[in-house]
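Novice: After the sequence you'll find the predicted model.
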Amino acid sequence: MTLAYAKVKSVSKNMVTRGKDLDRLVLDTMWLVSKLVGGTLGPGGHAVLIERQENNMANVVTKDGVTVFKSLGFADPVRHAIMESARDASVRTANEAGDGTTTATILAYAIVKKISEYCERNPAVSPQRVVRALEKTFKDVIEPRIRELSIKCDYSTDEGKRLLWNVAKISANGDEALATAVMDCFALVGDQGNVTITEISGPSSYEVERIEGYPINIGYEDSCSRFANKFINDPGNQRVNLEKPVFVLYQGRIMDIQSIIFLMERIGMAWQTDGYNHNVVLVATGFSESVLAQLAMNFNEATTINVMPLLAPLNAMPMSQLEFIEDIAAITGARIFDQINSPLPRSHEEVDLKDLGSGVRVFEAQRFRSTIIGQHDEVLTLDRVDTLQKQLVQSAASLLESSYLEERIAKLTGGIAKLKVIGASNGELREKRDRAEDAVMGVRKAITDGALPGGGWTLLRLATDLAERQEVFLDEVLIPSLLEPVYVLFGNLGYSREETSENFIRHLLDSMMDNNPAKKLIPVPPKKKWYQRETPQEVWFYIWNRINPQPVTYDALEGKFVDAVKGGILDSTPAVLEAIRNSLSIASLLGTLGGCVVFNRDTEVERQEARDTNEFLRTAHINEANERA
């Protein structure tokens, strides 16, 4: 398996039609992906070494499933297309829940395999029919059952904080120091605050720092388009850092540099004569290419002010860009200019420097996010928060609007906790950062949606519930698939599938039956359709549903069976829910695939293109350095 080269479009295409060849390619590809990504699952998971394709970039060693999946690629275009289709849904699991990518990948392979095997045994049944039945089961049974099993994690209580610490520990692959650091971050800013993660070279450790600030979910890449690199003044950290900036807020698109020229000239004159701030953040709903080019040309020049364009982020809510600008106005004390009521100044005399706000200590822009640290006047911010809270109570028309208002209130009031990940090498920093991001997201999701007993307990519990329904698609496709992550989890600890069934599943059954007065009254179940073999699961599934057992699971670190909740083996509810949802999404695509059309690869042409691109970039960097010199 190698990193795939860039696609070259041509008339010639590689086509594979429905049949055994396509089934084999799908299953072989998914098996290899599941094997590599699944190897990172659980406390016994192994790290994966990933070579970086970029020049001078250190290799990465990680146990983070989503990082492994993102790095995969096949030289065979058909296999690569199949892998990319599966990767999109799995990566979405990490984006939505912070964890669960590995489980989603293992589940997806198992479901696709079982669908293929079932349809091969029953040619009259179409894969679409199986997929529709599984999707209906998820909606009607699995999702409600997961919500029912979910344990509330109340951040305001000691027990809730203990549960959240354990969620962080599991998401961080058992790193207790990282889990403690994550919880320290939430202790500083509250459950509604924001946590950012930074990397620092040094002896391995974690540090936590509270920073007053306002996070913005857009960075220089979207704001500055192809001119983004021209605005970076901290190349070591690949960020824009402006100290004590002033803000120009404009509700509209800036299409011509002449529309802001008087403002910029007035700021420049005040800087030259009075030592006024020469860092300016220009916030608008859009910028033309010519405006960006001219701002980039003068940025970081010794004789000019620094103007950083910031695009007001757009989301699903109407008027979201105006609302964002109004929030920034509350933080900075700056005036909002617009085309009608408050047009931009047309002369130097019309410029009032008080309209540009003050009090912000630092504006920092990274690739996909920015931060404002400091504020003009706390009273303005509290007034704005009060307005938003009234909107939340009185006029929010949907759950989406309510969540959006709650997020804005949290940003204005919660501040920021900075989690410093310290490591001795780039590879160690990257691996730690991946786990830290998973832990932060896992805690945040557990606060809002709760947690579930981990160690595979929830998947096994769902399997027992589904077994009671005695439906053929569940018995032969979904139930065996739900068991697969449990086998992989224990397989990574060194146990075979037979040992897992006998030593662990049987032991769990014995633990559940101890001191149970109904023990002798429960008969061994008769053979049913889904019972194809004599395994401990047959008795175990049957009994588990009737005695409402405690969530007993295996603690691999301690080497003993424990109560999952008391022992702190917990997953956030969204991590499990989204893993199952997205694995079914992959199965609905790959399990019903009827053909594949891909471009052939011309490796020699692609290598030459890569060499030409590298040479072009090298020459451009040399020319830029010579110009600055």
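Specialist: Arrived safely.
Novice: Now residue 62, what are its backbone angles?
Specialist: Dihedral angles of residue 62 (phi, psi; degrees, to the nearest 10) stand at phi -150, psi 150.
Novice: no, scratch that, I was asking about residue 80
Specialist: Per degrees, to the nearest 10, the backbone of residue 80 is at phi -70, psi -40.
Novice: right, and it touches residue 87 too?
Specialist: No: using C-beta atoms under 8 Å as the test, residue 80 is too far from residue 87 to be in contact (10.0 Å). Bear in mind the C-beta positions are built from the backbone N, C-alpha and C, glycine included.
Novice: I'd assumed residue 70 was in contact with residue 101.
Specialist: No: applying C-beta under 8 Å, one finds residue 101 not in contact with residue 70, separated by 9.4 Å.
Novice: After the host helix or strand of residue 35, heading C-terminal, what element do we hit next?
Specialist: For residue 35, the host element (DSSP states H and E) is helix 20-38. Once the chain leaves helix 20-38, the next helix or strand it forms, by DSSP H and E, is strand 48-50.
Novice: still on that earlier bit, other residues contacting the helix holding residue 35?
Specialist: 1, 16, 48, 65, 68-69, 72, 74, 78-79, 82-83, 86, 90, 101-102, 105-106, 108-110, 112-113, 116, 485, 488, 492, 590, 593-596 (C-beta atoms under 8 Å, 6 or more residues apart in numbering).
Novice: mind running it again at 7 Å?
Specialist: By C-beta atoms under 7 Å, 6 or more residues apart in numbering, the residues outside helix 20-38 that reach it are 1, 16, 48, 65, 68-69, 72, 78-79, 82-83, 86, 102, 105-106, 108-109, 112-113, 116, 488, 590, 593, 595-596.
Novice: Tell me where the stretch 1-150 of the chain has strands.
Specialist: In the stretch 1-150 of the chain, strands defined by DSSP state E, counting those that start in this stretch lie at 13-17, 48-50, 60-62, listed in chain order.
Novice: rank those by pLDDT, which is bottom?
Specialist: Comparing mean pLDDT across the strands of the stretch 1-150 of the chain, the weakest is strand 13-17, with a mean of 65.
Novice: for the stretch 251-400 of the chain, what spans make up the helices?
Specialist: Along the stretch 251-400 of the chain, the stretches classed as helices by DSSP state H, counting those that start in this stretch are 261-274, 289-298, 320-332, 378-394, 399-413.
Novice: do the stretch 1-150 of the chain as well
Specialist: Counting by DSSP H, counting those that start in this stretch, the helices of the stretch 1-150 of the chain are 20-38, 65-71, 77-97, 101-121, 127-137, 143-149.
Novice: what residue ranges in the stretch 501-629 of the chain are flagged as low confidence?
Specialist: Applying pLDDT under 70 to the stretch 501-629 of the chain flags the ranges 503-550, 556-557, 602-603, 606, 617-618, 620-629.
Novice: make it 50
Specialist: Counting by pLDDT under 50, the stretch 501-629 of the chain has low-confidence residues at 509, 511-548, 629.
Novice: Ok, the stretch 1-150 of the chain next?
Specialist: For the stretch 1-150 of the chain, the ranges with pLDDT under 50 are 1-5.
Novice: ok, now with 90
Specialist: Across the stretch 1-150 of the chain, residues meeting the criterion (pLDDT under 90) sit at 1-30, 33-106, 108, 112, 115-136, 138, 141, 143, 147-150.
Novice: Using neighbour counts, pick out the buried residues of stretch 400-418.
Specialist: 401, 404-406, 408-418 (16 or more other C-beta atoms under 10 Å).
Novice: Hmm, I typed the wrong one, I wanted stretch 435-454.
Specialist: Quick answer for stretch 435-454 (16+ other C-beta under 10 Å): 435-447, 449-454.
Novice: that older thread, residue 101 and residue 70 - which one has more neighbours?
Specialist: Each of residue 101 and residue 70 has its neighbours counted (other C-beta atoms under 10 Å); residue 101 has more, 32 against 15.
Novice: And that one, how close does it get to residue 172?
Specialist: As judged by C-beta to C-beta, to the nearest Å, residue 101 and residue 172 stand 15 Å apart.
Novice: Now do the domain split for the chain, please.
Specialist: For the chain, automatic domain parsing gives the domain ranges 13-151+455-595, 152-210+417-449, 214-376.
Novice: nearest to residue 388, of the ones you listed?
Specialist: Residue 388 lies closest to domain 214-376 among the domains of the chain, at 8.4 Å (C-beta to C-beta).
Novice: Report the beta-bridge partners for residue 570.
Specialist: residue 453 (DSSP bridges).
Novice: Residue 560 too?
Specialist: Residues in beta-bridge contact with residue 560 (DSSP bridges): residue 555.
Novice: burial count for it?
Specialist: Neighbours of residue 560 (other C-beta under 10 Å): 9.
Novice: what does residue 237 give?
Specialist: 12.
Novice: just residue 32 next, same as before
Specialist: Neighbour tally, residue 32, other C-beta under 10 Å: 16.
Novice: ok, it to residue 49 distance?
Specialist: Counting by C-beta to C-beta, the gap from residue 32 to residue 49 is 16 Å.
Novice: contacting residues around stretch 42-56?
Specialist: By C-beta under 7 Å, 6+ apart, stretch 42-56 touches 3, 36, 39-40, 58-63, 68, 71, 173-174, 489, 492-494, 556-557.
Novice: Identify each buried residue in that stretch, please.
Specialist: Neighbour-count burial for stretch 42-56 [16+ other C-beta under 10 Å]: 42, 43, 44, 45, 47, 48, 50.
Novice: Could you do stretch 594-610 as well?
Specialist: For stretch 594-610, by 16+ other C-beta under 10 Å, it's 596, 598, 601.
Novice: Nearest to residue 384 among these?
Specialist: residue 598 (52.0 Å).
Novice: and the closest one, that's in a helix?
Specialist: No: assigned with DSSP: H, G, I helix; E, B strand; the rest coil, residue 598 falls outside any helix and is strand.
Novice: Would you mark the buried spots in the helix or strand hosting residue 179?
Specialist: If you go by DSSP H and E, residue 179 is part of helix 176-189. By 16+ other C-beta under 10 Å, the buried positions in helix 176-189 come out as 178, 179, 180, 181, 182, 183, 184, 185, 186, 188, 189.
Novice: continuing past that helix, what's the next helix or strand?
Specialist: Following helix 176-189 toward the C-terminus (DSSP H and E): strand 194-201.
Novice: distance between the helix or strand just after that following strand and the chain's centre?
Specialist: Following strand 194-201 in sequence order, the next helix or strand is strand 205-211 (DSSP H and E). With C-alpha atoms, centre = their mean, to the nearest Å as the basis, strand 205-211 stands 21 Å off its chain's centre.
Novice: Next SSE downstream of strand 205-211?
Specialist: By DSSP H and E, the next helix or strand past strand 205-211 is strand 213-216.
Novice: neighbouring strands for that next one, and are they parallel or not?
Specialist: Strand 213-216 is paired, per DSSP bridges, with strand 370-373 (antiparallel).
Novice: Show me the contact partners of the strand it pairs with.
Specialist: Strand 370-373 is contacted by residues 211-216, 218-219, 310, 331, 360-364, 416 when judged by C-beta under 7 Å, 6+ apart.
Novice: who's in contact with residue 140?
Specialist: By C-beta under 7 Å, 6+ apart, residue 140 has no neighbours at all.
Novice: re the thing from before, would you tell me which one of the buried residues of stretch 594-610 comes nearest to residue 224?
Specialist: So of those, ranked by how close each gets to residue 224 (C-beta to C-beta), first place is residue 601, at 33.5 Å.
Novice: Using the three-state scheme, assign the closest one.
Specialist: Secondary structure, three-state DSSP: residue 601 is coil.
Novice: With that, I have no additional questions.
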